[in-house]
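> after the sequence you'll find the predicted model.
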Amino acid sequence: MYVATKGGERAIENAHAWLAEERRGDPDVAELGLEQIQQQLSLAVTRVMAEGSLYDPDLAALAIKQARGDLIEAIFLIRAYRTTLPRFGLTNPVETADMACDRRISATFKDAPGGQVLGPTFDYTHRLLDFKLAADGDVPDAPRADPRMEPTPHITTFLQREDIIQPEPGSDETPGDLTREPMAFPADRDIRLQSLARGDEGFLLGMAYSTQRGYARTHAFVGELRIGKVPVEMEIPELGFAIEIGEIDLTECETINQFNGSKTQPPQFTRGYGLVFGQSERKAIAVALVDRALRWRELGEDNLGAPAQDEEFVLSHCDNIQATGFLEHIKLPHYVDFQAELELVRKLRRETMGDPQEAAE
Amino acid sequence: MNTATRSVFDGGFQDPPKDAARAFRAAMRAMARPGDLNTLTGATPPAPLSQAAAILLLTLCDPDTGVYLAGPCDCEAVRGWLRFHTGAPFVGPAQADFAVGAWDDLLPIDRFRIGTPEYPDRSTTLIVEMPLLDAQGAVLRGPGIKDRATLSLPDVRAMQDNSVLYPLGLDFFLTCADRVAALPRSTQITEV
Amino acid sequence: MENPGEPVDPARKTWMSLLATAPGARLLQLWQAYGGQPDFNWLRPPEIGGVMVRGRMGGTGAPFNLGEMTVTRCSVVLNDGTVGHGYVQGRDKPRAQAAAVIDALMQTSAAPAVRRAILEPLTTARQASRQDRAAKAAATKVEFFTMVRGED
């Protein structure tokens, strides 16, 4: 039961004013510009775009500033904004084979065509705090080498030629869209991948880790991980042909998994796939592992009862905006609900322990 | 606009956010008050679309809504115009979210989706182009109607059959020139 | 797609794609400097919206919806009746307007001048930026060498 109560307006207004002041911090310290956030906190920006499910670095930077760096709050702002946008249409599927790769590595083939390109990675840093960054410092130019401009082939195409990996046949079917139709279970892989792409990085990391520790046997190799820019093309109805309407940064991870075969499939390698907005390889690898674990049904594997195999569990809980909304609502007034519980507990106590008044009579 | 030089690009909303908001309000009012006549203005569609039908399509359709054009409405001028101004895909009657045309061209109406018990909203909204539309004819009762309303309907029997399907069924907008009235599936209809 | 089957215009596709992804400040700067801005009327005033970006399962398989991106679009008609469309990434109405008018001009006799003043500098800048990024990536390519062990 809800009872409308009034009286909080002034408190709320004043709380907002204080929030604005706290957001700004000490006015003697220079204010953070959106370009600074976009350029210097770019991985926070891409996380907000990925989980906000809207690629727009300007908006993501604004959301981060407004949310005082609380990324889930920033993602919430982006999701809310997203719902106000008219939908102009669907793009053609992006061709990640055409990616201009900043980074491209394979854990399975040392000498893959296109090579092992490390890109701007944290991997080989010593994880020691760099106190030079505390003082401002000029950055020396990164070295350049002969650029490779041709597309880098996907690693799995080589295994495909040997017919030793599960094929991934193309199709022109219109995929389901969870922003348009409510999710229903069992969900097809298109819906699963959409849901995972916008899912919470921390939740998916934990789920993926659980598969590695034995909760669902899907020993995975990172067949390929690539990060870079991909052109986005869309059919323009009034032109009658497709043009490039943008260029986005993507991280793609393809895992190659051992597979002994099943009742329906011969022994071969299988794949897990993760595609995420921006530069976010932890997330892309996690998505690929969880994707692979969720594929047990279509590959004819046994359900081992592992959490990562339970699509209803994974997909219903990976969205941090749904989760935080439900979690945080319990701090809002529940005065009447609680009053009812209080009455109930008092009554039960009277009944079980004996009311002192009744006893006196 | 000179029809000789008219292109598919002409005749849309001049100020889409405001025009569409106004039109949406009129469409909502029409649906909420079955039988009430409302006026829709602000766009000049190609023939044979009426202004009211065209504005409903501009307001309610986008690339996610399948549109079925019935009879003479299915012409290149209308297709090109809707394609530019709404981006809506053209589909067959069984996939349509919206269908537009004269009553005889829309028949038989059991071709259209009436929704499912879980999702009664997954049904078609018919925009029926009427030669005449006024507040005389069949008697309407039900939600949104104080006592009774009257409206000229294309086929009383068919619409009675539709209301029996409630909560499933079709919803109707009836359009004529710049006027629109609505008949949702929840309305009870009796012949005079 | 149920399109009237208009043939792809490769040149127009190229310049519209270039305009869609051009850095906003640079495009507007070149457009201001061009100076021959014609009068036009709106067919569709600039509007901001989203498009659903799709990927393919496994990079090559069936499509799925990845997430949306912001796009601004508009359409204009010049006094001589030439129609121009502008689609640009992000939320930027002046940039969409410039793109639409440039698209229209590219279909008129002004095309060579527009190409020289706007499209060519944008193309050069885009190529340079791509090459520079690729050069930095190339410098991080691992050059494996194998140590010879054992005795032959």
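Everything's here; your move.

> drop to CA atoms for contacts and neighbour counts, all remaining ones
OK.

> what helix or strand does C:Gly86 sit in?
strand C:83-89 (DSSP states H and E).

> is that strand in proximity to chain A?
Yes - contact of strand C:83-89 with chain A (Cα under 8 Å from any Cα of the partner chain) involves C:87-89.

> next SSE after that strand?
helix C:93-105.

> quick one: that next one near chain A?
No - using Cα under 8 Å from any Cα, we find that helix C:93-105 stays clear of chain A, coming within 11.3 Å at best.

> can I get the residues of strand C:83-89 next to chain A in CSV with neighbour count, distance to A:Ala135 and pLDDT?
Shown next, in CSV, are the residues of strand C:83-89 next to chain A (neighbours: other Cα atoms under 10 Å in any protein chain shown; distance: Cα to Cα, whole Å; pLDDT from 0 to 100):
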residue, neighbour count, distance to A:Ala135, pLDDT
C:Tyr87, 29, 43, 97
C:Val88, 31, 39, 97
C:Gln89, 30, 36, 97
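
> out of those residues, who's nearest chain A?
Nearest to chain A, judged by Cα to the nearest Cα, of the residues of strand C:83-89 next to chain A is C:Gln89 at 5.1 Å.

> excluding sequence neighbours, find me the nearest residue to the closest one.
Spatial nearest neighbour of C:Gln89, excluding adjacent residues (Cα to Cα, 6 or more residues apart in numbering or on different chains): C:Val71 at 4.6 Å.

> return the helix or strand in chain A with minimum mean pLDDT.
helix A:356-360 (a mean of 54; mean pLDDT, DSSP states H and E).

> quick one: terminal-to-terminal distance for stretch B:133-142?
Stretch B:133-142 has its terminal residues 20 Å apart, counting by Cα to Cα, to the nearest Å.

> in it, what counts as buried?
B:133-134, B:137-142 (16 or more other Cα atoms under 10 Å in any protein chain shown).

> where does chain C dip in pLDDT?
Residue ranges of chain C with pLDDT under 70: C:1-6, C:146-152.

> repeat the analysis, applying 80 as the threshold.
Scanning chain C with the threshold set as pLDDT under 80 gives C:1-8, C:145-152.

> all strands of it, in order?
C:40-56, C:63-78, C:83-89 (DSSP state E).

> quick one, helices of chain B?
Listed in chain order, the helices of chain B (DSSP state H) span B:16-32, B:51-60, B:76-86, B:103-106, B:156-164.

> relative to strand C:40-56, how tilted is the first one?
Helix B:16-32 and strand C:40-56 meet at an angle of 70 degrees, taking axes from the mean of the first three to the mean of the last three Cα atoms, to 10 degrees as the criterion.

> thinking again about what came up before, between the buried residues of stretch B:133-142, which sits nearest chain A?
Closest approach to chain A among the buried residues of stretch B:133-142 (Cα to the nearest Cα): B:Gly142, at 29.6 Å.

> quick check, that closest one in contact with B:Pro184.
No - counting by Cα atoms under 8 Å, B:Gly142 does not reach B:Pro184; the two are 9.8 Å apart.

> give me the spatial nearest neighbour of B:Met130, chain neighbours excluded.
B:Met130's closest residue in space is B:Cys176 (Cα to Cα, 6+ apart), at 5.2 Å.
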